[in-house]
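Asker: From the sequence below, what's the structure:
(2 chains)
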There are 2 protein chains.
Amino acid sequence: MRASQFLIATIKETPADAEVISHQLMLRAGMIRKLATGLYTWLPMGLRVLRKVEAIIREEMNNSGAMEVLMPVAQPAELWQESGRWEQYGAELLRFNDRHGRDFCLGPTHEEVITDLIRNEIKSYKQLPATFYQVQTKFRDEIRPRFGVMRSREFIMKDAYSFHNGQESLQATYDVMHAAYSRIFTRLGLDFRPVIADTGSIGGSGSHEFHVLASSGEDDIAFSDTSDYAANVEMAEAVSPAGERPASSQTLEKVATPNTHTIDDVSALLKLNAEQVLKTLIIYGEEDENGKQDLIALVLRGDHQLNEIKAEKIAGVASPLTFASEEDIVAVLGCKPGSIGPADLSIRVIADRSAAHCADFACGANEDGFHLTGGNWDRDAKFTETADIRNVVEGDPSPDGQGSLLIKRGIEVGHIFQLGTKYSEALKASVLNENGKDQVMTMGCYGIGVTRVVASAIEQNNDAKGILWPASIAPFEVAIVPLNMQKSERVREQAENLYNTLRGLGYDVLLDDRNERPGVKFADMELIGIPHRIVIGDRGLDNGMLEYKNRRASDNEDIAIDDIVDFIQQQLPR
Amino acid sequence: MRASQFLIATIKETPADAEVISHQLMLRAGMIRKLATGLYTWLPMGLRVLRKVEAIIREEMNNSGAMEVLMPVAQPAELWQESGRWEQYGAELLRFNDRHGRDFCLGPTHEEVITDLIRNEIKSYKQLPATFYQVQTKFRDEIRPRFGVMRSREFIMKDAYSFHNGQESLQATYDVMHAAYSRIFTRLGLDFRPVIADTGSIGGSGSHEFHVLASSGEDDIAFSDTSDYAANVEMAEAVSPAGERPASSQTLEKVATPNTHTIDDVSALLKLNAEQVLKTLIIYGEEDENGKQDLIALVLRGDHQLNEIKAEKIAGVASPLTFASEEDIVAVLGCKPGSIGPADLSIRVIADRSAAHCADFACGANEDGFHLTGGNWDRDAKFTETADIRNVVEGDPSPDGQGSLLIKRGIEVGHIFQLGTKYSEALKASVLNENGKDQVMTMGCYGIGVTRVVASAIEQNNDAKGILWPASIAPFEVAIVPLNMQKSERVREQAENLYNTLRGLGYDVLLDDRNERPGVKFADMELIGIPHRIVIGDRGLDNGMLEYKNRRASDNEDIAIDDIVDFIQQQLPR
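Answerer: This next block holds a predicted model:
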């Protein structure tokens, strides 16, 4: 492509309303423009990236046996009423009326439409399993769209749906999709983790999110420094500390701790690390037949955070997890929440695995204004049971036994999910099984936020000068920057020759033939993030040399004219 | 692709609610399914065709220098208010409110959005000309969607917009687009005509429609049997008959023609062909300063039809063209409309060019119940002027002087249009020109109904067994149909070998490995319309032969196993 015949819409200043780096750089590099809140036009430069992302996704989906379809953006309300989501879905579902007053919505997702299609088209277990996908525009009327195409209202998603004759088949396709997603994000050149995700009521290992690691991510991801284990921080198991609990070496003492309200206050006063101080949180148990709720104590190390999702799953704990009121605590336990400890507590005590491993700990004395030090389990305090009720922290052992955990922020770009029969039951999507009986199909769904992938790639790959595209999705692979091309015939000739040669070899080349100063061209090519840049100038040509720069390198290299094509082929093997 | 791993969703019966053949065959061949009125899902088989159409369009648009962008489906009302179309556009514009109550629409077209984009991005005449296109989902809330994807509510369009520093540049790009469209429809394998279209108030040759010729089309297209001249019947010029008007050979006579009300009645009674009988239509002229409207007579041959668009353009004719009331006719001319003729008329008489060329004609006698025969111009009747005021008919000379006209029905699949400054003026889209002055950009727009192209290809290419795809857009190019593959090892081996070989050569091959009877497979492959079919069976293999059938041929051919690959390469050269 010749830059003179292409819309290079770069901007020097950082747009004021762009908060995150990817949004800033996509505007500055001329990739997107805002049409209205949460609505973006993809300019030619950005669309080249988007199409490359789509192509990689399509290839891997096709290779995994999924069949591409295209479902309408507009969906009739009737199907959503059948699934129950017409009522359940909030204001993010953009509802509208057609000219005849009939109810429709703009699809934020297509479970209903595909299930309706398949219940009509697939009648026998012999036609299963079958996986369908599309790359289609979606609409979610976010209350506060932001971060450019990272959280826009209209966006492009690859959504896939699989249909099965039972769980075993679903699991097999789920594994195929997991592998396909891993190949996709690997080919996209992204540092990502498939992360065990919460499946809500379904349970099991039926859901993974694929996260691109980037400091601007909205989710905390815990992952092993050794293995491929990764999970949302909320989901990662905090395993029991290794070895036996240390023996006690101190005696129990009661100390006055007036005006201490936090673990930090207490540990500062007692000159202890927070990990030596236990905190005790009081929550409600489930209602009994009389509507009465017992109190339950949760004990954690002072440096650990309660994981409410984990705690809520423990039998007998009220759901949603609810902290006891000060009034109830004082009434039952005789002191305020800040002085509660596990010593001689009359209620159920659930100790976190790490808290249960502590010796010589400090804790509340169950008397306002006092704490105990030198506390030891069994001797001074008792727990009813131990459980994993905390968030993991960096350095925790990886739950798979390999290495220890790191925690980084992640951007969710993909999600695979074992739906089970939620939609197929609601829409009565069944097949005749081996025994000639009607059997509701089991379903999986698999999404990738295609437009969001582009933004997340930038979040992970940028520097002060602009974007650092992974080679596979760069808008152009090579930039040829001739200097003084308008006047120097030999520069023009070399530039045109090289342009034609590299294009002939199948490379995406941008020839910056604009009549601009070298500095402007260099800055634009770096901002846009083209991985390989070749500068052609009279001074170099005097010595038979061209100047090459890798976008990620700090220095230029001189390459002989005769060697440049070989050199590029080494950089970008086909 | 293996048929066993692909959704072959063929239907034997013709769906009751499908009126046209393309709709019937797209349903029967498993290309599309209806989601709701005017909303269709593209199944895997149909989507393969759609993607091939899109790919050809993209290639030619890119080759013509257009840049691809992607604009949102949802558009804010503000831009449509700026252009004035928010009020002008009828109920086809699907309007909706977002969760904050703001007005939006689903884009039926993107003139406003692209003009808004370009007024911000392009500031200098040096950046012009520039052409942008997209392949995007559109929505038109048709009151009566029908014919499947031929007239659906949600559809895919390729729309392009060009921006210019004046008319000369617009004309140049318009010509480039005309050529690109011709290449596109040629590559799609369609019998089409670029047709001169009405430009409304703009005038000139600034608009062409591209029509696929098919008997189910909604428009009548007149085109030369010799040259590439083509126009909407309404637009085609009816040129003057060649040579001098024949000399008179009859004398004028007045004959009683009681109870004749039509040209057919009169010609039957007088035993004349309709072309020998002139019909005279009385319309109103423009109002004068007193609000008075004179009557004007339009004279045509009895076998010709008035073209109201042409007549309305004549100076002095009231617009819209309005026929005079019987009351006014009787008051001014003294007889009823059925007996009017050009002899001794006291009003302005505009004779159609062909009517003006008649000799020895019959016409009304301007006396109720009487006609004249043997009439001749000058001697018996006078016209004020001649003009082209009729529709062309088959056999008329082509207006470009080459050949004569044929008339066929056409389906509009593309439209190119010189917009001028309609949108750029309304949205104040200007650049600095050579003289440093603000200059409103001139615009062109260029559309192709991508989904409609698929349907129109079927309208033009089908037979009793199903679809006859042009090779370039067939969902698969070659079908391999093994017989008894489940039992015959050598059939399976030959089929797999051939499948792998042809795929390796880059062909789109469907291996029908389903466990179905041969008759079912043959019928499906013909219904789906795969151009080349190879049958592999034990009987043929005994003689080292395979059975080849071209979808458009009536007979099979036996081809030696060793020759089949060469044979296919001859049929489908790469």
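
Asker: Can you report how many residues neighbour A:Arg552?
Answerer: A:Arg552 is flanked by 11 other residues according to other CB atoms under 10 Å in any protein chain shown. For the C-beta atoms, the positions are set from N, CA and C on the backbone; glycine is no exception.

Asker: Which stretches in the stretch 401-550 of chain A count as helices?
Answerer: A:422-426, A:450-460, A:489-504, A:518-528, A:538-542 (DSSP state H, counting those that start in this stretch).

Asker: Can you say which of those helices is nearest to B:His110?
Answerer: helix A:450-460 (18.3 Å; CB to CB).

Asker: Roughly how far does A:Lys310 sit from A:Ala238?
Answerer: Distance of A:Lys310 to A:Ala238, given as CB to CB, to the nearest Å: 8 Å.

Asker: wait, I meant A:Leu213
Answerer: A:Leu213 is 21 Å from A:Ala238, by CB to CB.

Asker: hang on, the earlier thing: give the intersection of the neighbour lists for A:Lys310 and A:Ala238.
Answerer: Each of A:Asp388, A:Arg390 lies in contact with both A:Lys310 and A:Ala238 under the rule CB atoms under 8 Å, 6 or more residues apart in numbering or on different chains.

Asker: just to revisit the earlier point, out of A:Leu213 and A:Ala238, name the residue with the larger neighbour count.
Answerer: Neighbours around A:Leu213 and A:Ala238, counted as other CB under 10 Å, are more numerous at A:Ala238. The numbers are 23 against 20.

Asker: who touches the more buried one in this structure?
Answerer: Going by CB under 8 Å, 6+ apart, A:Ala238 touches A:His304, A:Asn307, A:Asp352, A:Arg353, A:Ser354, A:Asp388, A:Arg390, A:Asn391, A:Val392, A:Asp396, A:Pro399.

Asker: returning to what we had before: tell me which of the helices of the stretch 401-550 of chain A is the most buried.
Answerer: Mean neighbour count (mean count of other CB atoms under 10 Å in any protein chain shown) peaks for helix A:450-460 among the helices of the stretch 401-550 of chain A, with a mean of 26.

Asker: Wait, A:Ala247 touches A:Asp360, no?
Answerer: No - with contact defined as CB atoms under 8 Å, A:Ala247 does not count as touching A:Asp360 (9.2 Å).

Asker: Which of those two has more residues huddled nearby?
Answerer: Taking other CB under 10 Å, A:Ala247 and A:Asp360 do not tie; A:Asp360 has more neighbours (17 against 8).

Asker: ok, now how distant is A:Lys313 from chain B?
Answerer: Separation of A:Lys313 from chain B (CB to the nearest CB, to the nearest Å): 34 Å.

Asker: now the strands for the stretch 351-500 of chain A?
Answerer: A:361-364, A:370-375, A:385-387, A:405-420, A:430-432, A:438-440, A:442-449, A:462-463, A:466-467, A:478-482 (DSSP state E, counting those that start in this stretch).

Asker: So, low pLDDT: which residues of chain A?
Answerer: Scanning chain A with the threshold set as pLDDT under 70 gives A:199-205.

Asker: repeat that with 80
Answerer: Residue ranges of chain A with pLDDT under 80: A:198-205.

Asker: Which residue lies nearest the spatial centre of it?
Answerer: With distances taken as CA atoms, centre = their mean, A:Glu412 lies nearest the centre of chain A, 2.0 Å away.

Asker: so that one bridges to which residues?
Answerer: A:His211 (DSSP bridges).

Asker: distance of it from chain B?
Answerer: Separation of A:Glu412 from chain B (CB to the nearest CB): 23 Å.

Asker: Was I right to think that residue contacts A:Phe210?
Answerer: Yes - here A:Glu412 reaches A:Phe210: they are 7.2 Å apart, a contact under CB under 8 Å.

Asker: Name the nearest residue to the residue of the stretch 301-450 of chain A found nearest chain B, ignoring sequence neighbours.
Answerer: Across the stretch 301-450 of chain A, the shortest distance to chain B (CB to the nearest CB) belongs to A:Val450, at 11.3 Å. Leaving out its chain neighbours, the residue that sits closest to A:Val450 by CB to CB, 6 or more residues apart in numbering or on different chains is A:Ile156, at 4.3 Å.

Asker: and the host helix or strand of the one you found, C-alpha only, in PDB?
Answerer: Using DSSP states H and E, A:Ile156 sits in strand A:154-164. Backbone C-alpha positions of strand A:154-164 (Å, rounded to 0.1, in the frame of the first residue of the first chain) are rendered in PDB as follows:
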ATOM      1  CA  GLU A 154     -21.500  -2.100  19.400                       C
ATOM      2  CA  PHE A 155     -18.700  -4.600  19.000                       C
ATOM      3  CA  ILE A 156     -17.700  -7.700  17.000                       C
ATOM      4  CA  MET A 157     -17.700 -11.000  18.700                       C
ATOM      5  CA  LYS A 158     -16.900 -14.500  17.500                       C
ATOM      6  CA  ASP A 159     -19.500 -16.600  19.300                       C
ATOM      7  CA  ALA A 160     -19.800 -20.400  18.900                       C
ATOM      8  CA  TYR A 161     -22.300 -22.900  20.200                       C
ATOM      9  CA  SER A 162     -22.000 -26.600  20.400                       C
ATOM     10  CA  PHE A 163     -24.700 -29.200  20.700                       C
ATOM     11  CA  HIS A 164     -24.300 -32.700  22.200                       C
END
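
Asker: and the gap between the closest residue to chain B within the stretch 201-350 of chain A and A:Glu412?
Answerer: Taking CB to the nearest CB as the measure, the stretch 201-350 of chain A has A:Glu218 as its residue closest to chain B, at 21.2 Å. Distance of A:Glu218 to A:Glu412, computed by CB to CB: 8 Å.

Asker: before we move on, what about A:Asn63?
Answerer: 24 Å.

Asker: what's near enough to touch A:Pro399?
Answerer: Going by CB under 8 Å, 6+ apart, the list of residues near A:Pro399 reads A:Tyr229, A:Ala231, A:Ala236, A:Glu237, A:Ala238, A:Val239.

Asker: Check whether A:Trp377 really touches A:Ala356, as I assumed.
Answerer: Yes - between A:Trp377 and A:Ala356 a contact is recorded at 6.7 Å, counting by CB under 8 Å.
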